[in-house]
Structures are given as C-alpha cells and as structure tokens.
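Trainee: Could you work out the structure for the sequence below:
(2 chains)
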Amino acid sequence: MTQRAFTPMVLALLVTTLGFATLIFVQEAASPPLVYGAYYAGTLFALYVGVRLLLPHSDVLLLPIVTLLTGIGLVMVFRLTYDVEGAETLALTQAVWILIGSGTMFLLVLFFRNYDRLFDYKYLLAIAAVFLIASTFTPLGYTVNGARLWVDLGPVGFQPSEFARIALVVFFAGYLAEKRDVMAATSRGFLGIELPAIKYFGPVALVWAASLGLLVFEKDLGSSLLFFAVPLLMLYVATGRIAYILLGGVLFCFGSFATFLLFDHVQVRVQSWLDPWQDPDGTGFQILQSIFNIADGGLLGTGLGAGFAQTIPEVETDFVFSAIASELGLLGATAILLAFLAFTYRGIKIALLAEDDASKLLSFGLTAMFALQTLIIVGGVTKAIPLTGITLPFVSYGGSSVVGNFILTGLLLLVSERAGRREAEGLAYKKVPWGSP
Amino acid sequence: MNAHLRRSFYLFAAGFFGLVAMLAYWQVYSREALANNPENGFQTQRSISSPRGLILAGDGETVLAKSVKRETPQGPVYDRVYPLGAPFSNVVGYWSTRYGATGIEIANNTDLSSIAGEPQTLDDLINRATGGPQPGNNVVLTLDPELQELAYQELQGSLTGRGSVVAINPKTGEILAMASSPSFDPNNIDDNYPELASAPDAPLINRATQSLYPPGSVFKMITAAAALEAGVSPEDTFFDSGAYELPGYTVRNFEDKEYGEVTFTRALAYSINVVFAKIAVDIVGAKALTQMALNFGFGDPYDDFPLPVSGSSVNSLPPDQWTTGTLAQTAFGQGEVQSNSFEMALVTAAIANDGRMVEPRLVREVRSPDGIILDKPTASIRRQAIPPGTASTLNEMMQQVIIQGGLTEAEIPGVKVAGKTGTAESGNGNAHSWWITFAPADDPEIAMCVMVENGGRADRGALPLAARLMRAYLEEGV
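Mentor: Modelled structure (predicted):
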C-alpha cells in the first residue's frame, strides 16, 4: 500500500492550476474568484492530510488521482460554461460539490473504520437501494432529457441511482461472501451448464431484477448496463465460474433485444450509433458533433479553449471526454484514460490484498463499477458502443455523481487501511505476488 | 479469488487500450476525412475567427489582401478585404467560406492561414501550444504594383477589352506583372460569385495562364530557334513567291504579300509565312520543331507555379504522324498550336537570358507577422532551352524585327528593344493580337508578352499597348 503521495498531490493540483491559468491568461476568460481555487486546493489537501492521519496504512495514492480527475473536470466545466449565458456559475457549483464530496468522504473514514458492520445490514441496504431508485416515481421525481432519474429535494436535485448502486455493491459483496461456497458448488444442469441450487440465487436475483427493471423503466440505459454487469462480474470473482458470465451474456442478448423492441429511445440510440449520417441534424447530431470534435483535436489537441466542443449538446456532463480529447488531443485524452486505469489498478490491488472475502468483493465491486462506468461513457462518446448517458467519474459536471464517487473512494481507502495495517503489523499476512495464480 | 481478480483487471485494461485505439482511429486515421466532411463546419468557423496574413505587392508595402475584424454577437470574425480589387484579382484570387478560394489565397493558404501547417517561429509554437491567437503569415509577391495596375488599365482600354499581359524579369524569373481582362472585384465574392461564374466573358478565368490561343507568328521564334540549331544562319537567303503549295494545303503570307529573295533575318522581320514553312518542311522537320517547343516549356503544366497553368501544346499527334501541311502551319503558330501569354513571356525571357529558362516566381518571400523571413525562394534555372550563341543570334534578329520591320512605335530612345509580332487567325472574329518583347536587348531587365483577344493586327493592337508599358517601366522607373 502506498502510504505517501505528497508529490503526486502537488503535481495534480499544479495541473489544475495550469489549466485555469491557460484559460484566464491565454483565452482571456473572466477569472472566477481566486478564493474558490484556494478553497478547492485547500480542501483536497486537507482531505489528504486527514486520510493520512486517520488511515495511516491505506492506499493514499487514490487521492492524487481523484484530485487530478476532479481538477481536470473543474477546468473543463469552467472552460465549457463560463461564457454560456445561464450557466456561468456551473464550475463554482461543481467546486461546491467537490467540497461536499470531500466532506462526506472525511466523515466516512472518520466513523466507518469498522466498515464490515455494513455487511450486517446488507438486506436493509438492498431494500433501501431499491426504494431509492423507485423514489423517482414519486411526485418528487422529475425527468431530464427523457430519463426519469432525478428527485427534487428542495434546493437541490439529486440522482438516487448514484448512491443506490454503492449500497447494492455492499449488499452483493456481503451476500456473495457468505454464500460463495454453496454457489460455486453444482447441483443441477441447465442447457449443459452446471448450476447450484436455485434457492441461493433468490435474494441476489430479486435485488438484481428489481433494480434493473426500475432503471430500464426510468430509461436510464447507462446505469442499467452498470447494474447488470457489476453483480455479474462479482458473481464470477466470488465463484470463479465462467458459466455465470456466459449465462449473463445470453441474458444480456435477450434483455437488450427486448428493450430494443419495447422502447423507441433504445432504437434511436442504436440507429444513431450504427449510422448517425442518416439524420445528421437530428438524432445523429450529438454523436457526430462528438466525433468531429474528437477528430479536430488530432494528436496534440487544439489547446485549451481553442476547440469547438460547445457545439455538443450536454458536453459538460456526458460528453466532457469529447471536449478533453478535442482540446488536449490524443496524448491528453490517453493520459486521462491512464489516470482512470491507474485508479482501477489500485482498486484491484486493494481487492487482492484484502483479507476477507467480503472486503475483497466490496473493493472489487466498487472498482469494477468505476472502471465500467468510464469504459461505457468513453466508449459511447467515441462511438465504440451505443451511447448511454452516464457521467464520467469525477470529471463530468454533476453533484450526485461526484459525491457518490467520493464515497466509493472512501470505502476503497477503508478496505486498504485494514490490509495495510495487517501488513504493517506482520500478522497473518501472506504476500501475494502479482501475476501468479 | 485473486486469479479472477487479476483476470478482471486484464479485461478492464484491455477495454482502456481499446478506447485509446478508438481515439487514435478518429484523431489520426480519420482526422482529415472528418475535417473535410460537409457536415463539419469547424474549419470554416475557425478560419473566419482568426486573421489571415496579408498579401503584399513586390514593394513590400502595397496591401493586396488583408483581414478586417468585425464584431458579431458570436464573437469577432474577420472579413477578407482587397483594397486594390480587380487589377490584381487574377493573381491574388478570392477567399470565400462558401465558394472556396483561388489564386495566391489558396496556393499559399498554409502560410496565410493561422491554423494550417507546422508552427514556424517560437512565438507561433507557444501560441499554438497554449491555444492563443494565431495571426497568419504575410506573403510578399513579386508583382510591381504600378506596372500591374497600368497593364490592367491598358487591357481594359484595348479594342475588345479582353486579353492578358505577362511581364517577367528574365534573369530572376520574378513575375513583374500578370494582368487579365476582364477581371472581377474579389470583395464581396460571396454575393457576386453566381453572376461572375455564369458571365459570358468569363471574368473568373486568368487569361494569362488558363486560356489557350493560337499564338500565330510569335511562335516563329521557336521555329527560328530550331532553324538556327539545324544550321540556318541569319544571312542565308530564301525565295518567297507569295505561296507555297503542299499536298492539301497552300501557305500564303499575311495579307497575301510577296517578298522575293530575302535573308532569314528579314524573313523574321517581315514575318514571312512562306519562308518559315519552307524552312520547317525542308530543313527542320516535325521532330526537331516539336522538340524545340518542348525545350521552351510547351507541354509543361508548371506544377510548381502557384497559379493553375494550362500547358501549351504543339499538336495532338506525335510528330512522325504529321502531314507536311501540319508542319507548315505549325511553323508559323497556326494549325493546332495552343499557347498563352504566360508561356510566350517565358519563351521571350529565355531568349533574353542567353537561352536559360528561369523558374517563374510570384512569391518573393513569406514573413511572420512580426517580420521574420520564413521563406525566400531564390532564382533557379529550369533548363538551358537553347545554347547561348543561338540565343544571342535570336536576340539580334528580334532587334531587327523592330528596325527592319519599321515598327517605330516599339522604339524607346536610348534603349535597344527586341520584339516579335503575332497576328493569329482565331477562327472566330478578328485575329488575336500578340506582341512579345524584351529590353534593354543588351542587358535585359524585362520580358513581356501582350495578347489582346480578337485585337486585330499586332502592330496596331498588342504592340502599342506593350510599348507604353515598356516605356513606363524603363523610363519612368515604375
């Protein structure tokens, strides 16, 4: 476990400063009050110091990655909205969300050091998660861009699915750790695939189906994909049976075919992925503008503020990566992707070193969710896969997403603290070399 | 469980590398195709939101094209303005987001545009790296602004108002003037283009380089060069009976004149078709005549020249398939011979420059906005078209064209002038009027070709026009 990351923290903050300096001095953007920059840098640095004090053995390298990603996100949100009427303060709002996310994470590491007590409440968490998702169907819920994902909480709107999915990962981790032995055993065959007794699947399947079904009806395709794939991957890791992946693949084919037939918006998405040129000013407009902007960046990018990314609808949320690729080029975009990969790598390493099954599955589930979310949205905006609207973790504008991902990072830090402490104490620690089975 | 964790990580890593590959596909492989896609307006948007470089005349001061800032609700945009307008537009061209670009505007777009090409100064590199404002580089042309303006006015005032002038420094290859009439005002091209494009007198065509005409007797300089190379000397005598009968074709002189016994020099001075046809058929032959035309640049599209050039041609058939009639007509620039004032000016310049053809140039230098010279092409020799001895003989013969031919209008006091007339049957209305000339003949500073479409006799159309330009250039130091 990396226990010190002072230099990476400074570098990450410098990158953010350089980004803002470019926009303000070269592009002559009106400067946001400098005090906000100080708040931002101060908060993340304080968070780093706090984590170092509270969790001295944790994998603190996650924090500079988070700082880099939120910083790039702030720069891009500022660049894309500072001169847009009605959205001038979006970057400040995002900075406030980063403060709230950091605070939430600090409280988490302060009070949940015995995070495994969460597993005792796994059924409660699962039910809460399903209710959270369902809460958008109450009169408080409302629809943005055709998807009913939002709940109005007076001063702020929030996206319950961003939090529900963390709760669900906790549930799956707790449940699968408990039942992994019996679920790996086989008792009957189905289509030539050996399967364990159906009763063990009951709770998993129920929660899975409920959350997935609700999301599909909310038309939240991106989250549906995540909610489908993450439990499946956790099941695979828990039991080591590739059959679950295959079965999942079959289910996925049926499910996506059914949604394709049932929902117009799915058909539109698939069509504008396969052939956006059919309707370049209508359904294909967003993805074509994204591709044009990405191509416009070339190897080195147009330079911050010199691109045309504002032509993409929703650029500061779902399409923020297109703006990065356009203005920072292939090199800059690859660097950002490597930062995401580095986060994923640390997450998997935390899972490898975690002692008990539940902690392993928890950290793996959270990491898988983070990695898949990145792959799905970046794949979507680069037209590698059909577009499904979800945020790019830490980078996209969006309060619920930022706070949710800070919580996710906090949980990973908590898991790594335990493994790190055991390592430090030299107790029952078995070194697991990377690369051996 | 750890093995499965690792396998999952490899899956994610593969996904990330797949994304990088996808990005590389868009940003490197398909980049240009997407940039040029008609649905993609970025290039246009970018090109009007930053200033292009200046296009300047040869004095380095006269502005031929500049970008002028205009504030709009979407931010500042730059309009292209041409202060001197029509006299220069066949060279400078126009630059339109709707109708594309022509002339130097497109030929040197990489220099003029602030966004194309590689960064060339440290400032430029820093500006680009930080996405800062990037004004384009300035292009200085070789054109003499006063001579160009005068040439255009002269063409406008000619018999038909249609024609072209090309003047060139024979030693350096710098184009001093290249005028074409009728021309067009490149300002507000977006509004005027549809009308200009369909106008019957084709004002958008650069007549100096893009049109092709029968050159008539100015082509005799090439026949004469071939004859000298074949052993004819200026003092050799030939007999002109006023007609030369060949199978299926009879050569006659201009205005059916009959000159009797004449020297080769006099045959050129009086432009005697019969003598030139006989020399071509009896002495030179089709192959040597064609080869001489190729030596002088016929058939060459001048790909390195910034403006599009229609290559001149002698005949569609290879020389070994010509009839003697074809050869006879070719000898005095009729039949299928096609050329323009650009090519004939280069032929004249080569004779003036001891037989050496220099590379024609329109761009003197490219400067960064802060005045640093980025590119300064130097004079280069295309080829030795004819030996220096032959060239000096032709030089002397061309001086005799004016002296023995009695073309007093072409004379300049104190300066030796050389020249050759051309009155080419156009097959459509009046003959085309040609005059090629260079001066001072003992140390040439300028070579020129003037061509007036359907301008009639050379000595009444192109010659006086050219003489006024020559005098203005040499005497008044234009």
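
Trainee: quick one, longest helix in the chain?
Mentor: If you meant another chain, say so; for now it's chain A. Counting by DSSP state H, the longest helix found in chain A is helix A:320-353.

Trainee: I was thinking of chain B, sorry if that wasn't clear
Mentor: The single longest helix within chain B, with elements called by DSSP H, is helix B:2-24.

Trainee: how about it: buried residues?
Mentor: Neighbour-count burial for helix B:2-24, counted by 16 or more other C-beta atoms under 10 Å in any protein chain shown, picks out B:2, B:4-6, B:8-9, B:12, B:15-16, B:18-20, B:22-24. The way it works is simple: take the backbone N, C-alpha and C, and place the C-beta from them, glycine included.

Trainee: near chain A, from these?
Mentor: B:2, B:4-6, B:8-9, B:12, B:15-16, B:18-20, B:22-24 (C-beta under 8 Å from any C-beta of the partner chain).

Trainee: How confident was the prediction at the closest residue to B:N295 other than its chain neighbours?
Mentor: Nearest non-adjacent residue to B:N295, counting by C-beta to C-beta, 6 or more residues apart in numbering or on different chains: B:A385, 4.5 Å away. With respect to pLDDT, B:A385 scores 95.

Trainee: B:A385 reaches B:V358, doesn't it?
Mentor: No: B:A385 is not in contact with B:V358 according to C-beta atoms under 8 Å; the separation is 10.5 Å.

Trainee: so what's in contact with the two at the same time?
Mentor: B:A350 (C-beta atoms under 8 Å, 6 or more residues apart in numbering or on different chains).

Trainee: The lengthiest strand in chain B and chain A, any residue contact?
Mentor: The single longest strand within chain B, with elements called by DSSP state E, is strand B:63-72. No: judged by C-beta under 8 Å from any C-beta, strand B:63-72 stays clear of chain A, getting no closer than 14.2 Å.

Trainee: Pairing partners for that strand, with directions?
Mentor: In the sheet, strand B:63-72 lines up against strand B:55-56 (antiparallel), strand B:75-81 (antiparallel) (DSSP bridges).

Trainee: hey, which of these is tucked in deepest?
Mentor: Ranked by mean neighbour count, the strands paired with strand B:63-72 are led by strand B:55-56 with a mean of 26 (mean count of other C-beta atoms under 10 Å in any protein chain shown).

Trainee: if we can go back for a sec, ranking the strands paired with strand B:63-72 by mean pLDDT, which is last?
Mentor: Note on the strands paired with strand B:63-72: lowest mean pLDDT is at strand B:75-81, with a mean of 84.

Trainee: mean confidence score for the helix or strand following it?
Mentor: Counting by DSSP states H and E, the next helix or strand C-terminal to strand B:75-81 is helix B:86-92. For helix B:86-92, mean pLDDT is 96.

Trainee: repeat for stretch B:463-470
Mentor: Here stretch B:463-470 scores 95 as its mean pLDDT.

Trainee: Likewise for stretch A:85-100?
Mentor: On average, the pLDDT along stretch A:85-100 is 87.

Trainee: Which residues does it contact?
Mentor: Counting by C-beta under 8 Å, 6+ apart, A:32, A:36, A:39-40, A:43-44, A:70, A:73-74, A:77-78, A:81-82, A:316, A:397-399, A:402-403 sit against stretch A:85-100.

Trainee: same question, stretch B:195-206
Mentor: For stretch B:195-206, the external contacting residues (C-beta under 8 Å, 6+ apart) are B:90-91, B:102-103, B:162, B:164, B:178, B:180, B:182-184, B:189, B:211, B:307-308.

Trainee: and that stretch, which residues are buried?
Mentor: Buried residues in stretch B:195-206, counted by 16+ other C-beta under 10 Å: B:196, B:202-206.

Trainee: what about that stretch, how long is it end to end?
Mentor: One end of stretch B:195-206 sits 17 Å from the other (C-alpha to C-alpha, to the nearest Å).

Trainee: before we move on, the earlier item: going by distance to chain A, which of the contacts of stretch B:195-206 wins?
Mentor: Closest approach to chain A among the contacts of stretch B:195-206 (C-beta to the nearest C-beta): B:I189, at 25.1 Å.

Trainee: What is the neighbour count of the closest one?
Mentor: By other C-beta atoms under 10 Å in any protein chain shown, 23 other residues sit near B:I189.

Trainee: A:G255 contacts A:L225, correct?
Mentor: No: between A:G255 and A:L225 there is no contact under C-beta under 8 Å: 10.1 Å.

Trainee: Just want the phi and psi numbers for the residue nearest to B:N295.
Mentor: Dihedral pair for B:A385: phi -70, psi -40, per degrees, to the nearest 10.

Trainee: got a list of what it touches?
Mentor: Shown in contact with B:A385 (C-beta under 8 Å, 6+ apart): B:225, B:295-297, B:347, B:350, B:355-357.

Trainee: Show me the residues you listed that map onto helices.
Mentor: Members of the contacts of B:A385 lying in helices (criterion: DSSP H): B:225, B:295, B:347, B:350.

Trainee: Tell me how far the closest residue to the third one other than its chain neighbours lies from A:Y142.
Mentor: Once flanking residues are discounted, B:V347 sits nearest to B:F296: 4.7 Å by C-beta to C-beta, 6+ apart. According to C-beta to C-beta, to the nearest Å, B:F296 stands 81 Å off from A:Y142.

Trainee: more crowded one of the two?
Mentor: In this view B:F296 and A:Y142 are compared by other C-beta under 10 Å, and B:F296 has more residues nearby, 27 against 12.

Trainee: And the residue of chain A that's closest to chain B?
Mentor: In chain A, no residue comes nearer to chain B than A:G303, which is 2.3 Å away by C-beta to the nearest C-beta.

Trainee: Phi first, then psi, for that residue.
Mentor: Taking degrees, to the nearest 10, you get phi 100, psi 150 for the backbone angles of A:G303.

Trainee: and it, how many neighbours?
Mentor: 22.

Trainee: was I right about A:L226 contacting A:A371?
Mentor: No: counting by C-beta under 8 Å, A:L226 does not reach A:A371; the two are 10.5 Å apart.

Trainee: So between these two, which is more surrounded?
Mentor: A count of neighbours by other C-beta under 10 Å puts A:A371 above the other of A:L226 and A:A371, at 27 against 24.

Trainee: and the helix or strand where the more buried one lies, does that touch chain B?
Mentor: Assigned by DSSP H and E, A:A371 belongs to helix A:357-381. Yes: using C-beta under 8 Å from any C-beta, helix A:357-381 comes into contact with chain B via A:357, A:360, A:364, A:368, A:371-372, A:374-375, A:378-379.
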